[in-house]
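[1] mind looking at a prediction? Sequence and model below.
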Amino acid sequence: MLYIVIGLIILSAIVFWRVLKLKEMHMWFVPYIKQIISRPKVDGTTHVLFCFVDHYEPQWRNDDIEVERARVDRWFNEYPEMAKQHKDADGHMPKHCFFYPEEEYRYEHLAKLSDMCYHGFGEIEIHLHHEDDTAENFTKTIESFAKTLNEDHGALSIHPDTGQIMYAFIHGNWALDNSLPGGAHCGINNELSLLKATGCYVDMTLPSSPSPSQTSKVNAIYYATGRDGHCKGHDTGIDVRVNQTQQGDLMMIQGPIGLNFKWRTAKGLPHIENADVRKKVPPLRSRIDQWVSSHIHVKGRPEWVFIKVHTHGTQEPDMDTLLGQDRHDMHSYLETKYNDGEKYSLHYTSAREMYNIAKAAEAGETGNPHLYRDFILPKPAFKKLS
């Protein structure tokens with residue numbers, strides 16, 4: 001009988017592991033369980049920092065300029081009307097972060113986005129899809145695009161000490177640092193060091209599950225270090241910590257990942273939470289609760305909780321979710337349950353502001369994170385439409 005029980009346990013473990021591999025969960029499931037066990041407790045007010053980043057691709061599956069214009073115009077016309085109805089504890093509206101693809105650049109689209117950002121509705125950062133690239137071409141491409149965004153649109157921050165144009169980054173197809181099998185959708189090992197050299201201050205690609213580019217390190221703010229001749233240097237890293245100097249090439253701010261047992265699939269299984277928001281994965285209350293309870297923070301500053309969620313905002317099937325009632329409901333829930341002024345205080349942030357606040361925590365700053373939105377990098381001087 002004992003052998004039968006042992007056999008069943010082993011068989012169950014094998015089946016479970018195969019399921020994890022089928023869902024590309026095997027690289028992050030055990031670290032996720034460890035992270036749940038080690039979540040800290042907070043005395044006093046928890047400050048919830050919320051950042052919505054967008055792989056903003058007007059040319060998605062399309063080669064018609066009028067379709068592009070319609071997509072951008074819908075955001076230009078509808079997003080401000082939605083955002084004006086919501087405020088955080090500091091009186092800030094939600095700030096949508098438009099990570100715009102270099103390969104899809106059109107002046108007219110960025111002019112409209114810059115105008116929105118000028119009026120306080122978000123900020124612009126860099127997104128890139130590339131294939132079989134080289135270090136030399138990557139550097140030239142990024143530096144040229146950053147210069148265009150800065151000079152033509154005032155869209156990027158300038159480092160006050162070095163004068164370098166700075167940017168946050170999301171890699172197309174999740175393939176940061178050549179992390180997909182066979183080097184698909186990238187081609188460059190040690191991409192992290194190139195990002196740092198060209199002015200990238202933070203990467204916000206992750207989580208990428210169920211992509212095989214997903215890292216084993218989860219629900220974390222950490223420094224990753226590239227390795228010459230090697231890929232996926234960000235699979236591990238050193239946690240950003242209070243009163244600790246920078247410990248790597250590039251800061252990584254991840255969005256929440258895990259299993260949501262209150263949000264079930266059609267088969268009754270728990271959904272995989274990967275911080276994606278769109279029609280098929282709407283911002284349900286149970287998801288928002290899990291984003292908060294994931295407790296992503298700078299080590300030693302657990303009262304500042306970082307939430308970064310993502311979307312692909314120009315895809316027609318999802319725009320009603322991102323610009324309509326679902327988005328309203330998400331912000332309303334955040335502004336009630338997580339903004340009572342005692343247990344929770346809500347702060348809408350851009351990618352740049354979230355980075356600045358993480359650096360402030362690292363430097364030992366305390367209290368209201370609102371004070372540190374511009375801690376290192378100043379707000380860009382966005383240009384408005386004439």
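    In hand now; what should we look at?

[2] quick one: buried residues of stretch 368-386?
    Residues of stretch 368-386 classed as buried by neighbour count (16 or more other C-beta atoms under 10 Å): 369-370, 372-373, 375-377, 380, 382-383. For every residue, glycine as well, the C-beta is placed using N, CA and C.

[3] ok, of these, which one's closest to I257?
    Nearest to I257 among those is P369, at 22.8 Å by C-beta to C-beta.

[4] grab the nearest non-local neighbour of that closest one.
    Residue nearest to P369 in three dimensions, not counting chain neighbours: I357, with 4.6 Å by C-beta to C-beta, 6 or more residues apart in numbering.

[5] what about the one you found, distance to L194?
    Distance, I357 to L194, using C-beta to C-beta, to the nearest Å: 26 Å.

[6] looking at those two, which is more packed in?
    I357 (27 against 21; other C-beta atoms under 10 Å).

[7] so the more buried one makes contact with A351?
    No - counting by C-beta atoms under 8 Å, I357 stays clear of A351, with 11.0 Å between them.

[8] pull the distance from the helix or strand containing S144 to the chain's centre.
    For S144, the host element (DSSP states H and E) is helix 135-153. Its chain's average C-alpha position is 21 Å from that of helix 135-153, according to C-alpha atoms, centre = their mean, to the nearest Å.

[9] tell me which other helices or strands that helix touches.
    Packed against helix 135-153 by the contact rule (3 or more C-beta pairs under 8 Å, 6 or more residues apart in numbering; DSSP states H and E) you find helix 107-118, strand 122-128, strand 165-171, helix 191-197.

[10] would CSV of those with mean pLDDT and distance to Q35 be doable?
    As requested, the helices and strands packed on helix 135-153 are arranged in CSV below (pLDDT from 0 to 100; distance: least, C-beta to C-beta, whole Å):
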stretch, mean pLDDT, distance to Q35
helix 107-118, 98, 34
strand 122-128, 98, 27
strand 165-171, 98, 23
helix 191-197, 97, 22
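
[11] rewinding a little: just want the angle from the helix or strand hosting the residue nearest to P369 to strand 122-128.
    In this assignment (DSSP H and E), I357 forms part of helix 351-362. On the basis of axes from the mean of the first three to the mean of the last three C-alpha atoms, to 10 degrees, helix 351-362 is oriented at 90 degrees to strand 122-128.

[12] and helix 351-362, what does it pack against?
    Helix 351-362 packs on strand 46-55, strand 122-128, strand 165-171, strand 200-203, strand 250-253, strand 304-311, going by 3+ C-beta pairs under 8 Å, 6+ apart.

[13] which among those is found nearest to M319?
    Nearest to M319, of the helices and strands packed on helix 351-362 and by C-beta to C-beta, is strand 304-311 at 10.0 Å.

[14] CSV for the buried residues of stretch 368-386, including secondary structure?
    Converted to CSV, the buried residues of stretch 368-386 look like this (DSSP: H, G, I helix; E, B strand; the rest coil):
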residue, secondary structure
P369, helix
H370, helix
Y372, helix
R373, coil
F375, coil
I376, coil
L377, coil
P380, coil
F382, coil
K383, coil
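
[15] so which of those residues comes closest to Y107?
    Comparing these against Y107 with C-beta to C-beta places K383 closest, at 11.2 Å.

[16] so who does that closest one touch?
    Listed by C-beta atoms under 8 Å, 6 or more residues apart in numbering, the contact partners of K383 are 111, 114-115, 118, 152-154.

[17] just N260 next, same as before
    Contacts of N260 were listed using C-beta under 8 Å, 6+ apart, and they are 270-273, 286-287, 290.

[18] relative to S286, how far out is it?
    Taking C-beta to C-beta, one finds N260 at 6 Å from S286.

[19] what of N356?
    In this view, N356 and S286 are 30 Å apart by C-beta to C-beta.

[20] okay, the two: which has more neighbours?
    More crowded of N356 and S286, by other C-beta under 10 Å: N356, with 24 against 15.

[21] that one touches P378, doesn't it?
    No - assessed by C-beta under 8 Å, N356 is found out of contact with P378, at 9.2 Å.

[22] related to what we said a few turns ago, filter the contacts of N260 down to the buried ones.
    Using 16+ other C-beta under 10 Å as the burial test, the contacts of N260 include 271-273, 287, 290 as buried.

[23] among these, which one sits closest to G313?
    Comparing the buried ones among the contacts of N260 against G313 with C-beta to C-beta places R287 closest, at 17.8 Å.

[24] so what's K308 closest to, chain neighbours aside?
    Nearest to K308 is G255, by C-beta to C-beta, 6+ apart, at 4.2 Å.

[25] that neighbour touches S209, doesn't it?
    No - G255 is beyond contact range of S209, at 10.3 Å (criterion: C-beta under 8 Å).

[26] what residues are shared contacts of the two?
    When contacts are counted by C-beta under 8 Å, 6+ apart, G255 and S209 have N274 as shared neighbours.

[27] more neighbours, the two?
    Shown here are G255 and S209; by other C-beta under 10 Å, G255 has more neighbours (26 against 23).

[28] tell me the buried residues in stretch 201-212?
    Neighbour-count burial for stretch 201-212 flags 201-209, 211 (criterion: 16+ other C-beta under 10 Å).

[29] about what we covered before: return the member of the buried residues of stretch 368-386 nearest to E123.
    Distance to E123, by C-beta to C-beta, is smallest for P380 among those, at 6.8 Å.

[30] check contacts around that closest one.
    Counting by C-beta under 8 Å, 6+ apart, P380 makes contact with 117, 123-124, 150, 154-158, 352.
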